[in-house]
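J.: predicted model follows, preceded by the sequence.
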Amino acid sequence: MPSDPQPTSDVTTRRYRRMIEEFNESSAVDRNCRMQLMSLGKHLVFKIEGRATLTGYSALATKAMDVINTRRSVSLIVDLSLCESIASSPLGVLGFVMMTFQRAGGRVYLVSSNETVRKALRILGLDKVYEARESVDEIIAQA
């Protein structure tokens, strides 16, 4: 693996950082959690920030499925790097979205830095089924 990302990867990484800076109130599920589904080159990024508890997930799953079915993304990056905790309902929705994407031939990556979230992923076995990475940048650089 090269030590420096390819120029296109660097541009993509900068674009992702700008998108995160623009992460706005329209992405809010409730006052404790924000979610956003965004296209980043050949990747589809599903970002969850805050405490994902019990509300708003069926609408998000519907939106995610529409995006998955209409886009030709090669990979789905589930970015939980700023997720503090995740309850069983949103975790189930997340698992369904990831499984559907994988069945359609795409690769699924998980990014998580919080031990509470990693434990929830381990309980459902999602950490064994999907590739875990340290950062979104790492995934973009290698693709």
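T.: Structure's in. What do you need?

J.: check Arg18 and give its pLDDT.
T.: For Arg18, the pLDDT comes out at 64.

J.: check Met65 too.
T.: Met65 is assigned a predicted lDDT (pLDDT) of 74.

J.: need the contact list for it.
T.: Counting by CB atoms under 8 Å, 6 or more residues apart in numbering, Met65 makes contact with Val97, Thr100. Bear in mind the C-beta positions are built from the backbone N, C-alpha and C, glycine included.

J.: if I've got this straight, it is in a helix?
T.: Yes: counting by DSSP: H, G, I helix; E, B strand; the rest coil, Met65 is found in a helix.

J.: look up how far Gly95 lies from it.
T.: Here Met65 is placed at a distance of 13 Å from Gly95 (CB to CB, to the nearest Å).

J.: Glu138 now?
T.: For Glu138, the distance to Gly95 - CB to CB - is 22 Å.

J.: please say which of the two ends up with more neighbours.
T.: A count of neighbours by other CB atoms under 10 Å puts Gly95 above the other of Glu138 and Gly95, at 18 against 15.

J.: now the helix or strand hosting that one: buried residues?
T.: Secondary structure assigned from DSSP states H and E places Gly95 in helix 88-103. Neighbour-count burial for helix 88-103 flags Pro90, Leu91, Val93, Leu94, Gly95, Val97, Met98, Thr100, Phe101 (criterion: 16 or more other CB atoms under 10 Å).

J.: beta partners for the most centrally placed residue in the chain?
T.: Central residue of the chain (CA atoms, centre = their mean): Val78, 1.8 Å from the mean position. Note on Val78: beta-bridge partners Phe46, Leu110, judged by DSSP bridges.

J.: lovely, talk soon.
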